[in-house]
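Colleague: Starting from these lines, generate the structure:
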Amino acid sequence: MSIKTTLIEKFQRRFKTAPRLFRAPGRVNLIGEHTDYNDGFVFPAAIDFYTQVAAAPRPGHKLVVRSENYNEEVELDLQSFAPKPRKHWSDYVFGVALMLISAGHQVSGADLLIESNVPLGAGLSSSAALEVAVASALLGISKLIVGRKEIALLSQRAENDFVGARCGIMDQFICAHAQADTALLLDCRSLEYQVFPIDAGIALVACNTMVKHDLASGTYNQRRAECEEGVKRLKKFLPQIRALRDVSRKELDRYAHELPGVVLKRCRHVITEDERVTQAAECLRNHDPLGFGRLMAESHRSLRDDYEVSCTELDLMVGIAGRAEGVLGSRMTGGGFGGCTINLVRSEFVAQFSDLISTEYKNATGRSPEIYVSRPAGGAEEIPTSDVVLEA
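Modeller: Modelled structure (predicted):
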């Protein structure tokens, strides 16, 4: 029989004091991939997998941070001169603390104990869950009130400016703002959003290829640079544009000959993907999940062929899902180069679907996929210390 121990008890054993408890979820993006850093539209939902942070203030200006997942403990003096990232999990924690301080928030010294069941390296935004959970914890124990939007923006800045991954705002925004049983249609320029209920009979099923990726790698940043190159060239003819979000498909076709072939493909994905997000919202308004699913299939083809961020394993999983009963839609989700597919599956077919994916994917690749089933979950919050129990 497994022995379960609360994160609170672990914290008390290590730090000899009672903490408060904060958490933030992972996420899937139903449609709208690589559009966020192009000022476009995305359609994410949080999942019922969380990063939890037990936290208590400590005298002075030191952060003492222990990760249960990595079985490591690190320290940072918040008054030290210009700390540098170390390409280590702690960069996400220290980056958040430094961005809070740079924004004028008087963060106190703290002891933090972190534990997460958000799968790492799967494209389910374990980094944003960590950032938002840490920001919430540091602000909470420092008795500072900061809005969810600012928490998301400062967490994104930590990843951009300290960790070195040029991610957009989507991951941190949904981790902070998610509402249970809904997905958010987010305008990544204005940060205005609309909430769309997800039918109770539909499950979000993420299937992990077990191929890991690193969003701080050069490939992700290269895609962003290619989009920026497209904007730079198109501005000669469309001086009013600020990002690819401002370019219509008709305008792209008109000036396609002015773009290098690779840049044209990247621009075409982003511009058509924004169109698909808008159409997907209409499908939900009209209670048309099959229409939503067709758009997911189009999105995956565009990510595979124009943005070139899919891989053999992701394509294989999407292909298997396309033959499965009860599947409304399937596509890769996250930055790409591995990670997960997201599948909308009618609840009564989830077990059958999971068995099919597990069997056929392992037969083809030799890898056993991990499968995560969830309903859309709520966002970052402080929770009663008696509510969370994790495996020791």
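
Colleague: buried residues in whichever strand or helix holds Arg276?
Modeller: Using DSSP states H and E, the element containing Arg276 is helix 261-285. By 16 or more other Cβ atoms under 10 Å, the buried positions in helix 261-285 come out as 263-274, 276-277, 280-281, 283-284. (Each C-beta comes from the backbone N, C-alpha and C, glycine too.)

Colleague: quick one: that helix to chain centroid distance?
Modeller: Distance, stretch centre to chain centre, for helix 261-285: 19 Å (Cα atoms, centre = their mean, to the nearest Å).

Colleague: Show me what the very next helix or strand once past it is in contact with.
Modeller: Going down the chain from helix 261-285, the next helix or strand is helix 289-305, by DSSP H and E. Residues from elsewhere that reach helix 289-305 (Cβ atoms under 8 Å, 6 or more residues apart in numbering): 30-34, 199, 202, 265, 268-269, 272-273, 276, 279-280, 283-284, 309-310, 314-315, 318, 322, 327-332, 336, 342, 344.

Colleague: Kindly export helix 289-305 (C-alpha atoms) in PDB.
Modeller: This file holds the C-alpha atoms of helix 289-305, laid out as PDB (Å, rounded to 0.1, in the frame of the first residue of the first chain):
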ATOM      1  CA  PRO A 289     -18.000  19.900 -32.100                       C
ATOM      2  CA  LEU A 290     -17.400  18.000 -35.400                       C
ATOM      3  CA  GLY A 291     -16.700  21.300 -37.100                       C
ATOM      4  CA  PHE A 292     -14.200  22.200 -34.400                       C
ATOM      5  CA  GLY A 293     -12.600  18.800 -34.900                       C
ATOM      6  CA  ARG A 294     -12.200  19.400 -38.600                       C
ATOM      7  CA  LEU A 295     -10.400  22.700 -37.900                       C
ATOM      8  CA  MET A 296      -8.100  20.900 -35.500                       C
ATOM      9  CA  ALA A 297      -7.100  18.500 -38.300                       C
ATOM     10  CA  GLU A 298      -6.400  21.500 -40.600                       C
ATOM     11  CA  SER A 299      -4.300  23.000 -37.900                       C
ATOM     12  CA  HIS A 300      -2.200  19.900 -37.500                       C
ATOM     13  CA  ARG A 301      -1.500  19.800 -41.300                       C
ATOM     14  CA  SER A 302      -0.500  23.400 -41.300                       C
ATOM     15  CA  LEU A 303       1.900  22.900 -38.300                       C
ATOM     16  CA  ARG A 304       3.300  19.800 -40.100                       C
ATOM     17  CA  ASP A 305       3.700  21.200 -43.600                       C
END
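
Colleague: Over to stretch 7-26 now: how far is its first residue from its last?
Modeller: Chord length of stretch 7-26, first to last residue, is 19 Å (Cα to Cα, to the nearest Å).

Colleague: mind checking how far it is from the chain centre?
Modeller: In terms of Cα atoms, centre = their mean, the gap separating the centre of stretch 7-26 from the centre of its chain is 24 Å.

Colleague: Same question for stretch 61-80.
Modeller: With Cα atoms, centre = their mean, you get 24 Å for stretch 61-80.

Colleague: Likewise for stretch 131-144?
Modeller: Centroid separation for stretch 131-144 versus its chain: 19 Å, with Cα atoms, centre = their mean.

Colleague: swap in stretch 138-153?
Modeller: Distance, stretch centre to chain centre, for stretch 138-153: 19 Å (Cα atoms, centre = their mean).

Colleague: what does that stretch contact?
Modeller: Contact with stretch 138-153 is made by 20, 22, 55-57, 96-97, 100, 103, 105-108, 110, 132, 135-136, 169, 172-173, 175-177, 191, 379-380, 382, as judged by Cβ under 8 Å, 6+ apart.

Colleague: and stretch 101-118, which residues are buried?
Modeller: Quick answer for stretch 101-118 (16+ other Cβ under 10 Å): 105, 107-118.

Colleague: Pick out the lowest-pLDDT one from these.
Modeller: Taken together, the buried residues of stretch 101-118 show their lowest pLDDT at Ser108, with 90.

Colleague: Is it correct that it is in contact with Ala55?
Modeller: No - counting by Cβ atoms under 8 Å, Ser108 does not reach Ala55; the two are 10.1 Å apart.

Colleague: and the longest strand for the chain?
Modeller: Secondary structure of the chain per DSSP state E: the longest strand is strand 44-57.

Colleague: For Glu72, grab the count of nearby residues.
Modeller: Glu72 has 12 neighbours, counted by other Cβ atoms under 10 Å.

Colleague: and it, what does it touch?
Modeller: Glu72 touches 66, 89-90, counting by Cβ under 8 Å, 6+ apart.

Colleague: swap in Leu191?
Modeller: 149, 169, 173.

Colleague: Report pLDDT for Ala392.
Modeller: Per-residue pLDDT puts Ala392 at 43.

Colleague: for Ser217, that is, sorry about that
Modeller: pLDDT, the model's per-residue confidence, is 58 for Ser217.

Colleague: Ok, the one 3 residues further on next?
Modeller: What the model reports as pLDDT for Tyr220 is 77.

Colleague: correct me, but it touches Gly335?
Modeller: Yes - counting by Cβ under 8 Å, Tyr220 touches Gly335, with 5.5 Å between them.

Colleague: so how far is stretch 358-370 off the chain centroid?
Modeller: Averaging C-alpha positions (Cα atoms, centre = their mean) puts stretch 358-370 24 Å from its chain's average.

Colleague: now it: mean pLDDT?
Modeller: For stretch 358-370, the mean pLDDT works out to 97.

Colleague: my guess is Glu75 is in a helix, correct?
Modeller: No - Glu75 is assigned strand when assessed by DSSP: H, G, I helix; E, B strand; the rest coil, not a helix.

Colleague: Quick one: residues contacting it.
Modeller: 62-65.
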